[in-house]
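Asker: Here's my sequence, what's the structure:
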Amino acid sequence: MKIEVLLDPLEVVRGILYAPSKYSGIWKPPECPRISSNKDWSLLINTISIQTLILTSSSPTRVLKNRLSDLSVFKDEYIIYLCNGNNIPRLKVEGYELFFHTVFLLISITLTLLFFLYGFNHYYLLIASRRYKIPGAPVELMAPRPRVAVHLPVYNEQYVVHRLVTACTEMAEVYGVDRVRIVILDDSDDDTVHTINQEITEWRSRGFQVEVLRRDNRQGFKAGALQAALDQAQEEYIAVFDADFIPRPEFLIRTIPFFVQDDQLGILQSRWTHTNRNYNLLTEAIATGIDVHFVIEQAGRYAAGCLQNFNGSGGILRVNALLQAGGWHADTLAEDLDASYRIQMQGYHVLYLKDLHSPGEIPPTIPSFKRQQGRWACGSLQTARKLLPELLSSRNLGAKQRLEAFIHLTGYLVHPLMFASFLLACLSALLRVDVFRFGLLLADLRSSLASGMLSSVASFSPSYLVWSLAGVLILLCTIAAWIPPLVALKTEPLPWWRKLFNFITLFLLGCGISLSNTIEASKALLTKRSWAFRRTPKYAVQDGVDKWRDKRYQVALDFVWWIELLSISLGLLATGYSISQSNFGVLLILVPFTIAYIFVLLLTILQSRQEV
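Answerer: Predicted structure coming up:
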């Protein structure tokens, strides 16, 4: 509620306070302390039994303005009266302040519960990942070995296609040149076409089975190319590698025996590692984030017996299982996630080999990283919208599997929740709603210390207790999101200060892309349109000597930077206003997010180029 206090009776002083409606109208206050100077406010703040206050001063408006921040520290039952001399003010109680508090409370509780769901899952997978055991090596294959097709989807990958094909031929040589057919799925429309033709000529002359599959159009993008290759596949198994990967020579010889030994094995996924981890601070931070997925999330889901995903590269699929599941579908931007879940719904399972590494390139710039993350966010939520109804109603899955599948497929909802929390914090600051009630907490502590005893929990208002509980849950969920990166960093041979910079950069990235990922998530959830597959550019950069700026495939600025700029402006405005109003609790959200948006926007502008 809001109290309007009329002075003389022309001046109106407003304080955000609560008061029972019975005090509306003319009311004669009982005997109460009279504060005649600014210094007496300290006496008032430290007196917890005061319920009514008459402020007498030659300029009560000035005194109140100077101490406006102190108004928020009084408990709900405190009423403040302002008057000149013996004039008794008229009190008018209004309800829209209570409305704002109620709405903010309900929204915050909803966000907290949703965050808690995903935060709890971090703890669950972290504990489960410790139970992961590397599967024992199966019996070595006897000749003749099963035939394998290696599918390499490529679209304008001039800088990396040579090393990709070279690595695949080395893999084929170890497994058996006559048992491996390498198919380049080339949708390129630039000089990559000429490079691929040269590669085919070179490796065919050496006796390798290297082919190219080209289509008249890019219908279905990567999924369409994979499906076109699947339609022609005669092999029992398909290995898939993106253009920036460099598969190990022993990849096939280590993986195919698992399929021969287990007829229900539908997918085998290796762990992604990184060719350019130490290229710059961004690649180090992004590598840590990817490590969290493969070291903790994938290992945890495998150890817990939950559904897993094929990551689109560095894995092998059983052809019959993929065909039974309907092949590759192009109705989402995450054809790998979609196919892997459909295969498991057919009764097959996924094997994850954490000790089998598949090195790939990390995006070295913010624009390319945002493009990659945006595609993953949109694609995973499209898959969730497509498959969750059937998954959640399946009797073949246990409750734990269904819940983990829901959390897994909707994981990118965390970014809209983060952005919603930022907007809520901005509104609470500008509307002078002390969301976390820190002012009240500080007042209670000061009052308790002054009186020599601690206030009892029973003296707290219900809303205070709710906010306190919400704050604890938010704290636990926030910590949960950042424990896995710390665990992943422990294994890195870096000095502590590099790990600290790595962690801070990852934090800024995680918060900073919440806005752009919210836009991509909205595309998936609010439309039924098939969005274009915008690939992540690769530059073949591996150390500080290699440069990405002078190469093709740059990412241009899009409209999102305007929204980021508006969000930064709103955050700065809300931060300044909340400080002026002593609403310090909301700064815990405003400051980190505003800094993160500034960080991401500046690097987006600096690293964006017109795409060539």
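Asker: C-alpha from now on. contacts and neighbour counts both.
Answerer: OK.
Asker: From residue 214, how far off is residue 335?
Answerer: Here residue 335 is placed at a distance of 19 Å from residue 214 (C-alpha to C-alpha, to the nearest Å).
Asker: the more surrounded of these two?
Answerer: Using other C-alpha atoms under 10 Å as the criterion, residue 335 and residue 214 rank with residue 335 on top: 24 against 16.
Asker: Just the pLDDT for that one.
Answerer: The model reports residue 335 with a pLDDT of 96.
Asker: buried stuff in the lengthiest strand in the chain?
Answerer: Ranked by residue count, the top strand of the chain under DSSP state E comes out as strand 349-360. Neighbour counts using 16 or more other C-alpha atoms under 10 Å place 349, 350, 351, 352, 353, 354, 356, 357, 358, 359, 360 of strand 349-360 among the buried residues.
Asker: Residue 594: which of these is nearest?
Answerer: The nearest member of those to residue 594, counting by C-alpha to C-alpha, is residue 360 at 31.9 Å.
Asker: From what I see, that closest one and residue 271 are in contact.
Answerer: No. Counting by C-alpha atoms under 8 Å, residue 360 does not reach residue 271; the two are 10.2 Å apart.
Asker: now for the helix or strand that comes right after the longest strand of the chain, which elements pack on it?
Answerer: Heading C-terminal from strand 349-360, the first helix or strand you meet, by DSSP states H and E, is helix 366-392. Where contact means 3 or more C-alpha pairs under 8 Å, 6 or more residues apart in numbering; DSSP states H and E, helix 366-392 is packed against helix 335-345, helix 399-409, helix 514-526, helix 587-607.
Asker: How far off centre is helix 366-392?
Answerer: How far helix 366-392 lies from its chain's middle: 12 Å, per C-alpha atoms, centre = their mean, to the nearest Å.
Asker: Then stretch 574-584?
Answerer: Counting by C-alpha atoms, centre = their mean, stretch 574-584 comes out at 27 Å from the chain centroid.
Asker: do stretch 574-588 as well
Answerer: 25 Å.
Asker: What of stretch 167-177?
Answerer: 38 Å.
Asker: Check stretch 599-612 too.
Answerer: That offset, for stretch 599-612, works out to 21 Å (C-alpha atoms, centre = their mean).
Asker: Residues contacting it, please?
Answerer: 365-367, 508-509, 512-513, 552-557, 561, 564-565 (C-alpha atoms under 8 Å, 6 or more residues apart in numbering).
Asker: Keep only those of these that are in helices.
Answerer: 366, 367, 508, 509, 512, 561, 564, 565 (DSSP state H).
Asker: Would you enumerate the residues in contact with the last one?
Answerer: The contact partners of residue 565, taken as C-alpha under 8 Å, 6+ apart, are residue 601.
Asker: where does it land on pLDDT?
Answerer: 97.
Asker: ditto for the second one
Answerer: Taken from the predicted model, the pLDDT recorded for residue 367 is 96.
Asker: count of residues packed around it?
Answerer: 26.
Asker: how near is the residue lying closest to it once chain neighbours are set aside to residue 584?
Answerer: Distances taken as C-alpha to C-alpha, 6 or more residues apart in numbering place residue 604 nearest to residue 367, at 5.5 Å, with adjacent residues excluded. Separation of residue 604 from residue 584 (C-alpha to C-alpha) stands at 30 Å.
Asker: Surely residue 596 touches residue 509?
Answerer: Yes. If you go by C-alpha under 8 Å, residue 596 and residue 509 touch, sitting 6.8 Å apart.
Asker: What is the least confident helix or strand in this structure?
Answerer: Within the chain, no helix or strand scores below strand 11-15, which has a mean of 31 by mean pLDDT, DSSP states H and E.
Asker: Please say which of residue 604 and residue 584 ends up with more neighbours.
Answerer: Higher neighbour count among residue 604 and residue 584: residue 604, with 22 against 19, using other C-alpha under 10 Å.
Asker: pLDDT wise, what is that one at?
Answerer: Value for residue 604, per-residue pLDDT: 96.
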